[in-house]
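>>> below is the structure, and that's it, no one-letter string:
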């Protein structure tokens, strides 16, 4: 069983910063991509940023220049540094991981999600 546990959400004023962290645990052969998605009330879940095991990153246009994603492969952790936060960044942020998992004598890639952490940007 793979689990993702997020931390670091909260309330911040516009222009402020927050750092989200996510730790993956469980029996895993390897972790491919990790990342963050967000979902605002009444909207679909959207990609914020992803990072591969090799360090290649992909960020949504709306956060480029403000957010940075990083990863510690040894600790199975991914962080999202969010600067210059705007009210429109308010959402529940979900950690995501694409994990290679053993299954009997074979293996498969499974997609896993954290429970979500609330980020509220408001004055």
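Cool, got the structure. The structure presented is a predicted model; accordingly, all values stated were derived computationally and were not measured. Numbering: from 1, shown residues only.

>>> okay, and the beta partners of the residue at minimal distance from the centre of the chain?
When C-alpha atoms, centre = their mean is applied to the chain, the residue found nearest the centroid is residue 36 (2.5 Å). For residue 36, the beta-bridge partners are residue 49, residue 95 (DSSP bridges).

>>> now do the contacts for it.
Shown in contact with residue 36 (C-beta atoms under 8 Å, 6 or more residues apart in numbering): 20, 22, 48, 49, 50, 69, 78, 80, 93, 94, 95, 96. For every residue, glycine as well, the C-beta is placed using N, CA and C.

>>> how about 10 Å then?
Taking C-beta atoms under 10 Å, 6 or more residues apart in numbering, we find residue 36 in contact with 6, 20, 22, 47-51, 59-60, 63, 67, 69, 78-80, 82, 93-96, 114, 117.

>>> give me the buried subset of those residues.
6, 20, 22, 48-51, 59, 63, 67, 69, 78-80, 82, 93-96, 114, 117 (16 or more other C-beta atoms under 10 Å).

>>> first-to-last residue distance for stretch 20-29?
One end of stretch 20-29 to the other measures 25 Å (C-alpha to C-alpha, to the nearest Å).

>>> ok, stretch 96-114 next?
Stretch 96-114: ends 7 Å apart by C-alpha to C-alpha.

>>> any chance you could map the strands in this structure?
3-7, 10-12, 18-25, 30-39, 46-51, 57-59, 67-72, 77-82, 91-103, 106-113, 117-121 (DSSP state E).
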